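**Q** Sequence plus the predicted model coming up.
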Amino acid sequence: MSSSFRIPPTSSQGEVDISSVFRALWYQKTLVLSVTFGITLIAAAYAFTATAEYEVSSVLRPAAINELDALNRSEVYQLPPGDALIKVGSSLESYETRLNFFRANQALFKPFERPGRTLEQSFDVFNRDSLKLVLPDPKKSDSLSAYIGLGLIYTKGIDGVSILNKFVDYAIEAEREQIAADLRVIVQNRLTELEGKIEAARSSYKTEKDARIATLQEADNLKRAQLQDELKALRQQIKTARQDRISQLGEAIEIARSLGISKPTTPSALSERGAGSRETSVMRTEINNQQIPLYFMGVEALAAERTALLQRKTDDFTEGRIAQIARELQLLQSNREIEVLKQRQNEDLFLSGVEPLRAEVVRLKNLGNLDISNMKLVTVDRKALEPLRPINPKKALILTIGFLLGGILGVLAGLIRHFVISGRR
């Protein structure tokens, strides 16, 4: 290339003549434009041939209070709307939940499969690069900012809208089933605890009843033994008294026989009879306030009484207390309170302090009718929709960057070429 153009030397201050630089670029305009056009063309080829990437998102917000009212009024499982949102968010972020969804919907993830990859490896690619959880800024305490966002980036050929919406529904359903399982376990544990308390009340009642029966039987046995001892002592006492009476009667009979008293008499009558037979001596005796000796009854009366005493078979009729003891012993043959205690059919009716426990058992069993399958844990504020345009590649930005980069490289190439030619000359 022939040219008489020369870049003038710099001044003493190191300045370059700008006009000379532009003149040099003008002479190299073909190269500059070629490089610029080439880089721009490469950028355009990339922008229009690169795999398009799309993004969809879904937003969850707390459910209304009335949606969880039935669960919270059970007084067994408390779940405020904010906590329900956090639970669903934890399920959305859970690796296990995502893997289970991946396994249950393998038809949606066919594009992620590659030869030589296992199912878990394909899932790891999807989980690591495609699915992202978006949480609100923790510095904001405003309740209006309570939400959970879920985003999915996917390439053409993948049904990202279905994947995201179905995954959100799957996570909500999984958390709903977990809450139902937790509720069943809690209710069952409460029922087991209440049944244990009722069983303890039954055991306590049985122990008290057995103790009461044993106390009554012991009291009856003690009373019976005391009465039998008293009866035995009374009979011995009466027998001894009868023997003593027989001995007294024997002595009195001997005395009466020696005095010739065969019929009952009195001391006065006896003295009068003696005075009639003996006129020389008269003796009168007057006894006042003194018991008449037994022998005055006469031999016949005394002998008859002694014969009767000797022939007596029992002395029980002589003591009224013996009849009373016999009556009391007869009553002790059967204790009606013990019989009533043993004949109780439904002993649960007599348990004390278990009515609240039974009412709680009935209430907990009725919780089995609580329908959790339709319970709304969160509100899906925004479902994933089909995107209007891809997020990558950004064609306008790539073309702009390609054009600018091409221009810069073209200018540098032109200057370098000019310097090389100038150096050869």
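**A** Cool, got the structure.

**Q** Am I right that Ile153 sits in a strand?
**A** Yes. Counting by DSSP: H, G, I helix; E, B strand; the rest coil, Ile153 is part of a strand.

**Q** That one and Leu259, how far apart?
**A** Between Ile153 and Leu259 the computed distance is 147 Å (C-beta to C-beta, to the nearest Å). Glycine gets a C-beta too; all of them are placed from N, C-alpha and C.

**Q** ditto for Ala225
**A** 50 Å.

**Q** By mean pLDDT, point me to the weakest helix or strand of this protein.
**A** Using mean pLDDT, DSSP states H and E, the weakest-scoring helix or strand in the chain turns out to be helix 267-277, at a mean of 65.

**Q** Enumerate the positions of the helix or strand just after that helix that are buried.
**A** Using DSSP states H and E, the helix or strand that follows helix 267-277 towards the C-terminus is helix 299-311. For helix 299-311, burial by neighbour count (16 or more other C-beta atoms under 10 Å) applies to Val299, Ala301, Leu302, Ala303, Glu305, Arg306.

**Q** repeat for stretch 120-136
**A** Ser122, Phe123, Asp124, Phe126, Ser130, Leu131.

**Q** Go through the residues you listed and name the one nearest Arg327.
**A** Phe123 (93.7 Å; C-beta to C-beta).

**Q** tell me the contacts of that closest one?
**A** Under the criterion of C-beta atoms under 8 Å, 6 or more residues apart in numbering, the contact list for Phe123 reads Arg98, Leu99, Phe102, Phe109, Phe112.

**Q** for stretch 88-97, how far is the first residue from the last?
**A** 11 Å (C-alpha to C-alpha, to the nearest Å).

**Q** can you check stretch 68-75 too?
**A** 12 Å.

**Q** pLDDT averaged over that stretch, what's the number?
**A** Stretch 68-75 carries an average pLDDT of 85.

**Q** Centre of the chain to it, how far?
**A** 16 Å (C-alpha atoms, centre = their mean, to the nearest Å).

**Q** how about that stretch: buried residues?
**A** Leu68, Leu71, Ser74.

**Q** The helix or strand hosting Leu364: what's the following helix or strand?
**A** Leu364 is part of helix 355-366, with elements assigned from DSSP H and E. As assigned by DSSP H and E, the chain's next helix or strand after helix 355-366 is strand 378-382.

**Q** Of all the residues in the helix or strand following that next one, which ones are buried?
**A** Sequence-wise, the next helix or strand downstream of strand 378-382 (DSSP H and E) is helix 395-424. For helix 395-424, burial by neighbour count (16+ other C-beta under 10 Å) applies to 395, 398-399, 402-403, 405-407, 410-411, 413-415, 417-418, 421.

**Q** so what does helix 395-424 touch, helix or strand wise?
**A** helix 18-27, helix 29-49 (3 or more C-beta pairs under 8 Å, 6 or more residues apart in numbering; DSSP states H and E).

**Q** okay if I get these as CSV plus distance to Leu341, mean pLDDT and mean neighbour count?
**A** Converted to CSV, these look like this (distance: least, C-beta to C-beta, whole Å; pLDDT from 0 to 100; neighbours: other C-beta atoms under 10 Å):
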stretch, distance to Leu341, mean pLDDT, mean neighbour count
helix 18-27, 120, 77, 13
helix 29-49, 97, 81, 16
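
**Q** Can you add distance to Ala200 and give the ones you listed back as a markdown table?
**A** Shown next, in a markdown table, are these (distance: least, C-beta to C-beta, whole Å):
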| stretch | distance to Ala200 |
| --- | --- |
| helix 18-27 | 101 |
| helix 29-49 | 79 |
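
**Q** Of those, which is nearest Val354?
**A** Here helix 29-49 is closest among those (C-beta to C-beta), at 79.4 Å.

**Q** Spatially, what comes nearest to Val354 if we skip its sequence neighbours?
**A** Ala201 (4.9 Å; C-beta to C-beta, 6 or more residues apart in numbering).

**Q** and the buried residues of stretch 68-75, which of them are in helices?
**A** Assigned to helices by DSSP state H, the following of the buried residues of stretch 68-75 qualify: Leu71.

**Q** Switch the buried residues of stretch 68-75 over to TSV; also include distance to Leu135.
**A** Formatted as TSV, the buried residues of stretch 68-75 follow (distance: C-beta to C-beta, whole Å):
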residue	distance to Leu135
Leu68	21
Leu71	25
Ser74	30
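
**Q** For the stretch 1-150 of the chain, give me the ranges with low pLDDT.
**A** 1-17, 116, 137-145 (pLDDT under 70).

**Q** Helices along that one, start to end?
**A** 18-27, 29-49, 69-72, 81-93, 95-104, 119-129 (DSSP state H, counting those that start in this stretch).

**Q** could you dump these to TSV with distance to Tyr170?
**A** Shown next, in TSV, are the helices of the stretch 1-150 of the chain (distance: least, C-beta to C-beta, whole Å):
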stretch	distance to Tyr170
helix 18-27	62
helix 29-49	35
helix 69-72	21
helix 81-93	9
helix 95-104	5
helix 119-129	14
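
**Q** Asp381: which of those helices is closest?
**A** helix 81-93 (10.8 Å).

**Q** So what's the residue count around Val161?
**A** By the criterion of other C-beta atoms under 10 Å, Val161 has 18 neighbours.

**Q** Could you do Ser271 as well?
**A** Ser271, neighbours per other C-beta under 10 Å, totals 15.

**Q** any idea how far it is from Phe296?
**A** From Ser271 to Phe296 the distance is 12 Å (C-beta to C-beta).

**Q** Show me the strands in the stretch 51-200 of the chain, by range?
**A** With DSSP state E, counting those that start in this stretch as the criterion, the stretch 51-200 of the chain has strands at 53-62, 131-134, 148-155.

**Q** quick check: angle from the longest one to strand 148-155?
**A** When you say that, I think you mean strand 53-62. 160 degrees (axes from the mean of the first three to the mean of the last three C-alpha atoms, to 10 degrees).

**Q** what distance separates strand 53-62 from the centre of its chain?
**A** With C-alpha atoms, centre = their mean, you get 38 Å for strand 53-62.

**Q** just to revisit the earlier point, between the buried residues of helix 395-424, which is nearest Ser34?
**A** For the buried residues of helix 395-424, the nearest to Ser34 is Gly410 (7.2 Å; C-beta to C-beta).
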